[in-house]
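1. Need coordinates for the following:
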Amino acid sequence: MHIVRRYVKLAGALEFDIDEPVLTAAAEQWCRRRARHTQHPEGAMTKSSPPLTIGATILCLLLNVAPGHAQLTHSWVSQSSGDDHNPCSRSLPCRTFAGAFLKTLPGGYIGAIDAGDFGPVVINKSITIDGGSAAIASILQTSAFLGGSFGILVNAGAFDRVTLRNLSIVGGGRGLHGILFSKGAALHIENCIISDFTGWGISFAPGNNIDASLYVGNTIITGNGFSGNTVSPDGGGIHISPSAPAWVRVSLNQVRVERNKDGITADGSKGATGYFITMIVLKSAVVGNGTGFTFTSAAGKAVVGAVLDGITAAGNGGAGVLANGANAHVSLGNSTIVLNQGGGISMTAGGSIVSFKNNSIEGNTPSDGTPLPAANILQQN
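-> The predicted model follows:
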């Protein structure tokens, strides 16, 4: 085991060589005892509440375990041994993501030591939440937290970036949205499963004059938009719909949207001239939903422009790909659009879809759609 020299004077001790993990564990225990004494100063000073020397204070700071309420750059949660009264270190993890979030510095990292349900969380700063590579951590939203509305709510600062990785976010047929984004610079979703919410698996709805980006990779979104056996009036897989004029960039790569009320939608109707939603969708599938890909925006609203490359739209109740409105434009290449019940491709109210002439569009009812013009450059008004 790696040995390091520590220069520590703790309650008058001389400097000494010590194994680093042993020092870390011992010092954390000392700092926690001191923290309890700091929080309850009326208690008498005993051997269990050691004096706060300068050297000990520095040691606590070096270990990110300050006397009082410290915040860490790297926090941990555990189903088996976690407690939100802990400092959220690896040796003393928290129990919930919400508890760990409060003890993690902006730009920090929250990791899961083991599999389990770590509860919903509201995010208002840059953070990475990682369920771990060995077993995916869960967020089960069936409780009264946030009114039972969201698995994760992102309402962060204009320059904040949030990463969600290796998570299973489950609504249980009662939670409203899996992930709701209302403010922030960027949201990254990687290797996640989002299922069984009554609304949208992902609702990306930035507000007025926000420049925001959404990146989703290697993620499954399924069973959303239903409440028991009832179809929700509004819900599905992924919904891109700024709540006011905003600039939005979206990248979806290897995303599967399956058996939701609706598939993937982008709606610029609350935008205005000069604003946009741009999307690139790569190697992704929208299968067995009420609708497939839907892009909507009228003249005078935000431009919605999408490039679909290597996608599959199959077995959906509506059109495989729909461009609706004069400011909805789609470029389609290397894609398969089959067995959809609302047609293969559909252009309504002035929407446009152009093709790179290497797609397979067949077996759709009532028709595969009008032959597409060759793509040149993504048309924008």
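2. From here on, just use CA atoms for contacts and neighbour counts.
-> Will do.
3. Residues in a beta bridge with residue 170, which ones?
-> residue 140, residue 195 (DSSP bridges).
4. Help me confirm that it comes into contact with residue 137.
-> No. Counting by CA atoms under 8 Å, residue 170 stays clear of residue 137, with 10.9 Å between them.
5. Using the record's domain definitions, break this protein down for me.
-> 1-70, 78-362 (automatic domain parsing).
6. end to end, how far does stretch 164-183 reach?
-> 15 Å (CA to CA, to the nearest Å).
7. And for stretch 219-235?
-> One end of stretch 219-235 sits 18 Å from the other (CA to CA).
8. And for stretch 262-271?
-> OK, stretch 262-271 end separation, CA to CA: 22 Å.
9. what sits against residue 201?
-> Neighbour list for residue 201: 177, 178, 179, 194, 195, 221, 222, 224, 235, 236, 237, 238 [criterion: CA atoms under 8 Å, 6 or more residues apart in numbering].
10. element containing it?
-> According to DSSP states H and E, residue 201 maps onto strand 200-204.
11. The helix or strand following that strand packs against which elements?
-> As assigned by DSSP H and E, the chain's next helix or strand after strand 200-204 is strand 211-222. Applying 3 or more CA pairs under 8 Å, 6 or more residues apart in numbering; DSSP states H and E, we find strand 211-222 packed against strand 186-190, strand 193-195, strand 200-204, strand 247-258.
12. just the ones you listed: most buried one?
-> Ranked by mean neighbour count, those are led by strand 200-204 with a mean of 29 (mean count of other CA atoms under 10 Å).
13. That one - what's its average pLDDT?
-> Strand 200-204 shows a mean pLDDT of 97.
14. Neighbouring strands of it in the sheet, and parallel or not?
-> strand 177-183 (parallel), strand 236-240 (parallel).
15. Need these in a markdown table (columns: mean pLDDT, mean neighbour count and distance to residue 285).
-> As requested, the strands paired with strand 200-204 are arranged in a markdown table below (pLDDT from 0 to 100; neighbours: other CA atoms under 10 Å; distance: least, CA to CA, whole Å):
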| stretch | mean pLDDT | mean neighbour count | distance to residue 285 |
| --- | --- | --- | --- |
| strand 177-183 | 96 | 26 | 19 |
| strand 236-240 | 98 | 28 | 11 |
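16. so which of those strands gets nearest residue 267?
-> For the strands paired with strand 200-204, proximity to residue 267 was assessed by CA to CA; strand 236-240 is nearest, at 6.2 Å.
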